[in-house]
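Q: starting from these lines, generate the structure:
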Amino acid sequence: LHQTQLESKYPEIDRIKAIYDAIGNYLQIAIGSGKEENYAFSLQDFSKKFNFRIGEVFAAIKILTANGSLSFEDISFLPTRVKMIIGQSALYKFQVAHPELNAIILPLLRSYPGIFDHFIRIDEKKLSDLAKLNPAQFRKSLESLAQYGVMEVQLQSDEPQLYFTEERKHINELRINPEVYYNRKEKDKHRLRSMNDYVTSNHCRSQLISIYFGSEARNCGRCDNCRKKTGKNNKTDLKQNVLMLLPASITDLEQQLEVDRGVLSTVLRELLLEELIALNEQRYIRI
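A: Modelled structure (predicted):
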């Protein structure tokens with residue numbers, strides 16, 4: 001099951017590229033365009049039209065996002081974004097010819113100085129107040145600027161959005177960073193193996209967690225595995241096993257018998273009191 005989950009999380013590289021190419025076709029983005037653009041994107045509709053499984057599409061998008069190619073925003077609201085697509089001198093001539101639109105152009109220029117360089121998310125409520133327009137009039141003015149070819153407008157949306165971080169590439173030019181794909185996949189494999197070891201192992205659970213994080217620890221004596229071992233090793237059996245392994249230090253006995261140190265210490269004290277063993281230079285010996 002875990003292996004199947006891992007494979008579904010990391011589709012084959014060729015499959016990821018095929019999904020990327022299909023996304024470009026679905027959104028009708030030409031090769032070399034689309035950079036820093038948002039597109040309404042229905043995961044369900046896309047998967048159905050191109051005969052992909054929704055899970056593999058979502059996994060591919062996550063990898064492409066980590067790769068810096070695009071990102072998917074499954075959000076409930078995306079503000080309107082605008083960008084001036086003519087120069088300042090051409091805009092001035094347009095303002096002279098269409099003074100009725102100055103009410104919206106001037107607040108935009110004053111509020112968003114970067115509007116000539118890249119898309120800007122705007123606050124329609126604030127701008128409509130500055131322009132002394134109601135929301136419907138403001139929206140109509142925005143659409144007029146777009147129709148005149150003065151500004152590119154991406155109206156607010158409540159649909160999930162796909163954002164192209166870079167221009168769409170030809171499928172043969174798309175490179176998936178090894179760190180994004182292979183290294184992450186290996187790390188996830190290691191995590192899955194560790195989880196499987198934790199679930200199936202009969203070793204101390206605290207010790208397994210410590211090993212996972214690169215440290216050392218003794219048996220805790222409290223987890224289910226430690227309790228099972230303590231139950232199996234009743235004192236009589238444990239005493240016999242200890243005597244068979246001597247001479248040995250308490251650490252050696254703890255490792256070989258895989259028993260909680262507290263339980264082992266109690267047994268060793270009883271054997272000392274019974275004068276069956278003695279302690280010599282940190283090592284227990286039979287008498």
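Q: burial count for R121?
A: R121: 12 surrounding residues under other Cβ atoms under 10 Å. Where C-beta positions appear, they are placed from N, C-alpha and C, glycine not excepted.
Q: sorry, that was for E186
A: 10.
Q: that one sits in which helix or strand?
A: Secondary structure here is read from DSSP states H and E; on that basis E186 sits in helix 184-200.
Q: send the alpha carbons of that helix over as PDB?
A: C-alpha atoms of helix 184-200 as PDB (Å, rounded to 0.1, in the frame of the first residue of the first chain):
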ATOM      1  CA  ARG A 184      12.400  14.100  -2.800                       C
ATOM      2  CA  LYS A 185      11.300  10.700  -3.900                       C
ATOM      3  CA  GLU A 186      14.200   9.000  -2.100                       C
ATOM      4  CA  LYS A 187      13.500  11.000   1.100                       C
ATOM      5  CA  ASP A 188       9.900   9.900   1.000                       C
ATOM      6  CA  LYS A 189      11.000   6.300   0.400                       C
ATOM      7  CA  HIS A 190      13.200   6.600   3.500                       C
ATOM      8  CA  ARG A 191      10.300   8.000   5.500                       C
ATOM      9  CA  LEU A 192       8.000   5.200   4.400                       C
ATOM     10  CA  ARG A 193      10.600   2.500   5.300                       C
ATOM     11  CA  SER A 194      11.000   4.100   8.700                       C
ATOM     12  CA  MET A 195       7.200   4.200   9.200                       C
ATOM     13  CA  ASN A 196       7.000   0.500   8.200                       C
ATOM     14  CA  ASP A 197       9.900  -0.400  10.500                       C
ATOM     15  CA  TYR A 198       8.200   1.500  13.400                       C
ATOM     16  CA  VAL A 199       4.900  -0.400  12.800                       C
ATOM     17  CA  THR A 200       6.300  -3.900  12.200                       C
END
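Q: now that helix, how far from the centre of its chain.
A: If you compare the mean C-alpha spot of helix 184-200 with that of the full chain, they lie 16 Å apart, counting by Cα atoms, centre = their mean, to the nearest Å.
Q: what's the model's confidence in that helix, averaged?
A: Taken as a whole, helix 184-200 has a mean pLDDT of 78.
Q: and the helices in the chain?
A: Shown for the chain, the helices assigned by DSSP state H span residues 2-9, 13-26, 43-50, 54-66, 88-97, 102-111, 124-131, 135-147, 184-200, 205-212, 224-232, 235-245, 250-257, 261-273.
Q: can you tell me which of the ones you listed the model trusts least?
A: Comparing mean pLDDT over these, the weakest stretch is helix 224-232, at a mean of 64.
Q: residues contacting the closest residue to T80 other than its chain neighbours?
A: When the adjacent residues along the chain are set aside, T80 lies closest to Q156, with 4.6 Å between them (Cβ to Cβ, 6 or more residues apart in numbering). Contacts were defined as Cβ atoms under 8 Å, 6 or more residues apart in numbering; by that measure Q156 touches 77-80, 124.
Q: isn't S33 up against Y39?
A: No - counting by Cβ atoms under 8 Å, S33 sits too far from Y39 to count as a contact (11.6 Å).
Q: circling back to that earlier point, need the helices of the chain in TSV (columns: distance to R286).
A: Putting these into TSV (distance: least, Cβ to Cβ, whole Å) gives the following:
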stretch	distance to R286
helix 2-9	48
helix 13-26	64
helix 43-50	71
helix 54-66	62
helix 88-97	97
helix 102-111	89
helix 124-131	88
helix 135-147	93
helix 184-200	37
helix 205-212	29
helix 224-232	23
helix 235-245	6
helix 250-257	13
helix 261-273	9
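Q: indicate which one of those is closest to N177.
A: N177 sits nearest to helix 54-66 of all the helices of the chain, at 7.9 Å, using Cβ to Cβ.
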